[in-house]
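Trainee: return atomic coordinates for the entry below.
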Amino acid sequence: MDTNSLEKKRSSSERLDHVTPHAGTGDHIVAIDAEAGSWDSAFAKRTMRHVDLRVLPILAALYSISLIDRTNTSNAYVAGAGKDLQLYIGARYSIITVIFFVPYIIFELPSNIIVRRVGVAKLLGTITLAWGIVMLGMGFVKHWWQLAICRALLGFLEAGFFPACAYLISTWYIRREVQKRMTAFYMLSVVVGGFSSAIGGGISKLKGKHGLNGWQWIFIIEGAVTIFLAFFAYAFVVDFPEKNSFLSEEETKFVLARIAKDRDDIEADPWTWAKFWSYCATPKLWAFGLLFGASTTVSYAFAYFLPIIMVGMGYSDINAQLLCAPPYFTSIFIAFAGAWASDKYLIRAPILMWQATLSIVGLSMTAFHSSNSVRYAGVFLGLAGANANVAGVLGYMQNNIVGQTKRAFTSALVIGAGGVGGIIASTTFRSKDSPKYRPGLWVTICANIVIIITCSIMTAAFTYRNRQVRAGKGRPIEGKVGFFYTI
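Mentor: Residues are numbered from 1 along each chain as shown. Okay, the predicted model is just below:
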């Protein structure tokens, strides 16, 4: 009898009898059999491969455009906007970067509350179309304050995008596989976005065409591309598992069954004020927010100021933009290595701490070494650790919460905290600190230290609760019998 036939004969209960919590210092989560129920492994792999191809690529493509559109101010600055709009005066450049995050933080939760009611494809398609129009319009501003207004509108429109993506991805996968998917979504977006400096440098060569400067062409062309891709969002973005239309009935049953066995939160529980205030009073959710805010402080600092820092090293405007791309590309290898280890060994915090340490080493090289070659090498390490941790915190968060409203709330809260990281990054790299920007680099180093300290505290707390529950002395974690924290 072949393996598949044997697999079909095993009932769900028989499989769960063989599933036991991992003991030991790792405090791993319960290993849930991916091929739950009566489905064979070939069917399971084929179904999840289908899910991967439908869920992740379109979200990654759209988010890469989102990253390019929100961080292209640095490219525009070195392509002439700094002079034309006098962004070098006072704190103007910091204002146009930081103002994006005010509405971005405020409107993330309302957007995640309505995403199920509106539909994922409609919501993401509409806001992508709208911010593409705003981006295109930024190519025609005449004064710096007009650019600031457009940036605020951009923050309002992009507020719902990333939280909805993180929420959607988390609903499709079980805990032991979500880190690789979050990393794939985020890092593919970041790598494409990392080439924005090179793309912006190429576009800026259109300077003088139709009487427009290079920075204007950057906004116009990137805005037009965003508008074009918005129509793909309407067509290809999928809905939540129980509402999907691309899987067969049998495939949908399989996806729902494995999630039910993993954490039993398929059903969308209704929003209430009691739940809202309960979530607000949950310390671990704020701890996840602190981790994410610290991670994005570093990643946004690189996104907004790396081209300017490279110019400070003595490179020409075009070379500075071109040299920004390689660190983003190589960071994907560090991120996927961490995600692979994180899912394989079912650990999260130790990987985050290692990546934060790597980032500290790189940032120290960039901040304090006298050789520009060594400083540039430090960018590779600093950026790799930072970007890997952005995706890593999302996986850590999603592994340790249960419930649809709690998942939606936490996604918005944590990514909103990432907006606070953007504000910190935008205000700590000051023109007067040019060309080495050491105060800003010190802030990013400290942000990584915060990650290490916070992860250490959470690991101790989660380990204590897991041992307490295993000993039968405490209430079930997240109200679910058999649920244990991922350390």
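Trainee: where do the helices sit along the stretch 101-250 of the chain?
Mentor: With DSSP state H, counting those that start in this stretch as the criterion, the stretch 101-250 of the chain has helices at 101-106, 108-118, 120-138, 144-158, 161-172, 178-194, 196-203, 214-236, 249-262.
Trainee: nearest to R46, out of these?
Mentor: helix 249-262 (8.6 Å; C-beta to C-beta). Just so you know, the C-beta spots here come from the backbone N, C-alpha and C atoms, and that holds for glycine as well.
Trainee: what average pLDDT does the closest one get?
Mentor: Taken as a whole, helix 249-262 has a mean pLDDT of 91.
Trainee: buried residues in it?
Mentor: For helix 249-262, the neighbour count (16 or more other C-beta atoms under 10 Å) marks 251-252, 254-262 as buried.
Trainee: any stretches of this structure with poor pLDDT?
Mentor: Residue ranges of the chain with pLDDT under 70: 1-38, 431.
Trainee: once you drop chain neighbours, what's closest to M397?
Mentor: Nearest residue to M397 in three dimensions, chain neighbours excluded: F288, at 4.3 Å (C-beta to C-beta, 6 or more residues apart in numbering).
Trainee: that neighbour - how many residues pack around it?
Mentor: 25 (other C-beta atoms under 10 Å).
Trainee: next, find the distance separating it from R151.
Mentor: As for F288, its distance to R151 is 27 Å (criterion: C-beta to C-beta, to the nearest Å).
Trainee: same thing with N389?
Mentor: According to C-beta to C-beta, N389 and R151 sit 26 Å apart.
Trainee: so those two - more neighbours on which side?
Mentor: More crowded of N389 and R151, by other C-beta under 10 Å: N389, with 32 against 24.
Trainee: where do the strands sit along this protein?
Mentor: With strands called from DSSP state E, the chain shows none.
Trainee: biggest helix in it by residues?
Mentor: helix 438-470 (DSSP state H).
Trainee: ok, the residue lying closest to E478 once chain neighbours are set aside - how many residues close by?
Mentor: With sequence-adjacent residues excluded and distances taken as C-beta to C-beta, 6+ apart, E478 is closest to V402, at 4.1 Å. The tally of other residues near V402 (other C-beta under 10 Å) stands at 16.
Trainee: residue contacts, V402?
Mentor: With contact set as C-beta atoms under 8 Å, 6 or more residues apart in numbering, V402 has these partners: 263-265, 478-480, 483.
Trainee: for T357, same thing?
Mentor: Counting by C-beta under 8 Å, 6+ apart, T357 has contacts 385, 448, 452.
Trainee: quick check: F292 vs M138, distance?
Mentor: 27 Å.
Trainee: apologies, that question was intended for I99.
Mentor: The span separating I99 from M138 equals 13 Å under the rule C-beta to C-beta.
Trainee: the two: who's more crowded?
Mentor: Counting neighbours by other C-beta under 10 Å for I99 and for M138 shows that M138 has the greater number, 26 against 21.
Trainee: thought the more buried one was touching F219?
Mentor: Yes. Using C-beta atoms under 8 Å, M138 is in contact with F219, at 4.2 Å.
Trainee: reformat the helices of the stretch 101-250 of the chain as TSV; add distance to D40.
Mentor: Output for the helices of the stretch 101-250 of the chain, formatted as TSV (distance: least, C-beta to C-beta, whole Å):
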stretch	distance to D40
helix 101-106	45
helix 108-118	32
helix 120-138	30
helix 144-158	42
helix 161-172	21
helix 178-194	23
helix 196-203	44
helix 214-236	29
helix 249-262	10
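Trainee: closest to I415 out of those helices?
Mentor: helix 161-172 (4.7 Å).
Trainee: tell me which residues in the closest one are buried?
Mentor: Under 16+ other C-beta under 10 Å, the buried positions of helix 161-172 are 161-172.
Trainee: one more: stretch 125-141?
Mentor: Going by neighbour count (16+ other C-beta under 10 Å), the buried part of stretch 125-141 is 125-136, 138-139, 141.
Trainee: give me the contacts around it.
Mentor: Against stretch 125-141 from outside (C-beta under 8 Å, 6+ apart): 62, 65-66, 69, 85, 147, 150-151, 153-154, 157-158, 160-161, 212, 216-220, 222-231, 233-234, 237.
Trainee: re earlier: pull the distance from the longest helix of the chain to the chain's centre.
Mentor: Averaged C-alpha coordinates place helix 438-470 at 19 Å from its chain's average position (C-alpha atoms, centre = their mean, to the nearest Å).
Trainee: name the helices or strands packed onto that helix?
Mentor: Helices and strands touching helix 438-470, by 3 or more C-beta pairs under 8 Å, 6 or more residues apart in numbering; DSSP states H and E, are helix 283-312, helix 349-368, helix 372-399, helix 404-428.
Trainee: could you rerun that using 6 Å?
Mentor: Under the contact criterion of 3 or more C-beta pairs under 6 Å, 6 or more residues apart in numbering; DSSP states H and E, the helices and strands touching helix 438-470 comprise helix 283-312, helix 349-368.
Trainee: just say which of those is most tucked in.
Mentor: Of all the helices and strands packed on helix 438-470, helix 283-312 has the most neighbours on average by mean count of other C-beta atoms under 10 Å, namely a mean of 24.
Trainee: elements contacting that helix?
Mentor: On a contact count with 3+ C-beta pairs under 6 Å, 6+ apart, helix 283-312 meets helix 73-76, helix 317-322, helix 372-399, helix 404-428, helix 438-470.
Trainee: out of those helices, flag the one nearest I360.
Mentor: Closest to I360 of those, according to C-beta to C-beta: helix 438-470, at 4.8 Å.
Trainee: mind listing what's buried along the closest one?
Mentor: 440-441, 443-445, 447-448, 450-452, 454-455, 458-459, 462-463, 465-466, 469.
Trainee: tell me the angle of that helix relative to helix 349-368?
Mentor: 170 degrees (axes from the mean of the first three to the mean of the last three C-alpha atoms, to 10 degrees).
Trainee: excluding chain neighbours, what is closest to I360?
Mentor: Excluding the flanking residues, the one nearest I360 by C-beta to C-beta, 6+ apart is N448, at 4.8 Å.
Trainee: same question for R348.
Mentor: Here the residue nearest R348, using C-beta to C-beta, 6+ apart, is Y396, at 4.0 Å.
Trainee: and that neighbour, how far from L67?
Mentor: Taking C-beta to C-beta, one finds Y396 at 21 Å from L67.
Trainee: what about these two, which has more around it?
Mentor: Shown here are Y396 and L67; by other C-beta under 10 Å, Y396 has more neighbours (28 against 20).
Trainee: is it true that that one touches L346?
Mentor: No. Applying C-beta atoms under 6 Å, one finds Y396 not in contact with L346, separated by 11.6 Å.
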